[in-house]
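Participant: Just the structure for this:
(one chain, ligands or ions: 1)
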Amino acid sequence: MAETLTIVDNRTGATYEIPVTNNTIRATDLKQVRVADAPGLSTYDPGLVNTSSVKSAVTYIDGDAGILEYRGYPIEQLAEQCTYLEVAYLLLHGELPTQEQLTQWQTVITKHTFLPENITEMVRHYRYDAHPMAVLMSAVAGMHTFYPDGREYQDEETRWRQIHRLIAKMPTLAAFAYRKGHGLPLVYPRDDRNYVQNFLTMLFQVGEPHYEVDPRLERALEVLFILHADHEQNCSANAVRAVASSGNDPYTSVSAGIGALFGPLHGAANQAVMEGLNRIGSVANVPGYIAKVKAGEERLMGFGHRVYKNYDPRARIIKKAAEEVFEVTGVNPKLQIALELEKIALEDDYFVSRKLYPNVDFYSGLIYEALGFPPEMYTVLFAIPRTSGWLAQWQEQMTDPEQKIVRPKQIYTGHRGRDVVPLAERG
Ligand code: CMC
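Facilitator: Reported below is the predicted structural model:
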């Protein structure tokens, strides 16, 4: 079978043969398709719904089959058998660590958990009600001022140093943003606790000298961190890569990713789901809410996905984790509303015909609420683990000789060649 595409330009009658590789044509091959002196043919793709901008070996998704793999390992097995730090190592190094490599990795990450005091001061000086995602975004960008060596990304050792720093400091930053927002004194990182225990301690320790984390809740958060660690070329990974493409350090690039994640169509959907459940209020109101969604007055947050046209495999794992958390915390009363929404939506033609299924954000908020997190922290809980994915994407971008500065084309629809009328003469 010929791996080519034949294009007949009906404007000119000319025929072109274009190579097809990996079921993809190169957009620049279309440039030869042209009429007289006009620029060559290009594609128009708002939201980049059908454009591959990178070759990546990090994460594989088959949206129709509901498959998600990090470096070839199914998400179900990783969530069952690994810790988040093992998965972060996998995403960044390409292989699961041996026990020795994991011990070294944990040690180096633990060594970097402290923030520069000036960053801590910066966090302290935001308004009392600052959204922690905005704090996170600006503080990560601000880290560039402390670690300007982040720009020397060609040097492998320097690159890894920034990676260690960012993975280590994100939970500290997130916990400080939370504590500050609640008027609580900061709890500094400890080196006798693992990544998730340390985070929960920095968040929730108050007066007790030996704050202990329930191992079942710790495991639930570990699983949530694993599920959120990467998701190939989503909106925030694309933002990280676009900013990195002009030669940027990981702090500047990841702060762009945090900004992209902050939007309600992306990471902040988990907060929006809970706000939706609060508005619905009771199971009896579910049919009325669904009717509003179908009339286009509301969006059912936590449903639908650009890539998954099947049940999001992460949602299935989260649903199970929710049951385990509720055994410790008691059932979140909003679970019944969520289950009823899911039941009606999965049977209703509006959702079925559009292949709208629950995504990762549909059940995660219920767990976060049961764990005691306020809604504004939900997206932060997404950003902490996604940092390893962003850094894997950043590293791949910086070491890929085929990558270029991101600079899309446009179809210009504005005026041309107008003369400026002096101010006094404008009507
Ligand atoms: N509720 C109601 N209708 C929906 C929804 C929804 N959640 N999602 C999509 N649709 C409809 C949409 O109105 C459109 O209908 P029509 O063809 O009649 O115009 C059709 O389904 C296709 O939707 P789309 O907006 O063209 O699809 P997209 O691929 O551009 O958007 C999405 C994907 C995730 C932004 C969208 O499904 C959505 O807004 N979902 C709710 C927000 C959400 O849960 N986001 C989290 C995504 S998963 C985690 C993450 O990425 O952070």
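Participant: thought Tyr44 was touching Ile411?
Facilitator: Yes - proximity of Tyr44 to Ile411 meets the contact threshold set by CB atoms under 8 Å, at 6.0 Å. No exception for glycine: its C-beta is placed from N, CA and C like everyone else's.
Participant: Tell me which other helices or strands the helix or strand where Thr379 lies touches.
Facilitator: Thr379 is part of helix 378-399 when elements are defined by DSSP states H and E. Helices and strands touching helix 378-399, by 3 or more CB pairs under 8 Å, 6 or more residues apart in numbering; DSSP states H and E, are helix 84-93, helix 132-142, helix 156-181, helix 215-227, helix 235-244, helix 250-261, helix 269-280, helix 361-370.
Participant: Can you report how many residues lie near Ser138?
Facilitator: For Ser138, the neighbour count with other CB atoms under 10 Å is 17.
Participant: Would you mind giving me the confidence score for it?
Facilitator: What the model reports as pLDDT for Ser138 is 96.
Participant: how much space between the residue nearest to it when sequence neighbours are not counted and the ligand?
Facilitator: Closest residue to Ser138 apart from its sequence neighbours, by CB to CB, 6 or more residues apart in numbering: Ser255 at 7.2 Å. With distances taken as CB to the nearest ligand atom, to the nearest Å, Ser255 is found 17 Å from the ligand.
Participant: Most proximal residue of this protein with respect to the ligand?
Facilitator: Gly304 (2.4 Å; CB to the nearest ligand atom).
Participant: quick one, phi psi at that residue?
Facilitator: Dihedral pair for Gly304: phi 90, psi 150, per degrees, to the nearest 10.
Participant: what residues are up against it?
Facilitator: By CB atoms under 8 Å, 6 or more residues apart in numbering, the residues touching Gly304 are 354, 356-357, 359.
Participant: Could you do Asn10 as well?
Facilitator: No contacts exist for Asn10 under CB under 8 Å, 6+ apart.
Participant: Turn the contacts of Gly304 into CSV, including pLDDT.
Facilitator: Formatted as CSV, the contacts of Gly304 follow (pLDDT from 0 to 100):
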residue, pLDDT
Arg354, 94
Leu356, 94
Tyr357, 91
Asn359, 90
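Participant: need the residues of the chain near the ligand, please.
Facilitator: Those residues of the chain that sit near the ligand, judged by CB under 6 Å from any ligand atom, are 234, 265-267, 269, 293, 299-306, 354, 356, 359-361.
Participant: Those in helices, which ones?
Facilitator: 269, 293, 361 (DSSP state H).
Participant: Produce a PyMOL select command limited to the buried residues of those residues.
Facilitator: The buried residues among those can be selected in PyMOL (16 or more other CB atoms under 10 Å) with this line:
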select buried, resi 269+293+361
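Participant: any idea which element Leu5 lies in?
Facilitator: Assigned by DSSP H and E, Leu5 belongs to strand 4-8.
Participant: So which elements touch the helix or strand following that strand?
Facilitator: Where DSSP H and E defines the elements, the next helix or strand beyond strand 4-8 is strand 15-19. Contacts defined by 3+ CB pairs under 8 Å, 6+ apart place strand 15-19 against strand 4-8.
Participant: Can you list the strands that the strand it packs on pairs with?
Facilitator: Sheet pairing here is set by DSSP bridges, and for strand 4-8 it gives strand 15-19 (antiparallel).
Participant: Name the residues that touch whichever helix or strand comes after the strand it pairs with?
Facilitator: Sequence-wise, the next helix or strand downstream of strand 15-19 (DSSP H and E) is strand 59-62. Applying CB under 8 Å, 6+ apart, the external contacts of strand 59-62 come out as 67-72, 91, 230-232, 307-308, 389.
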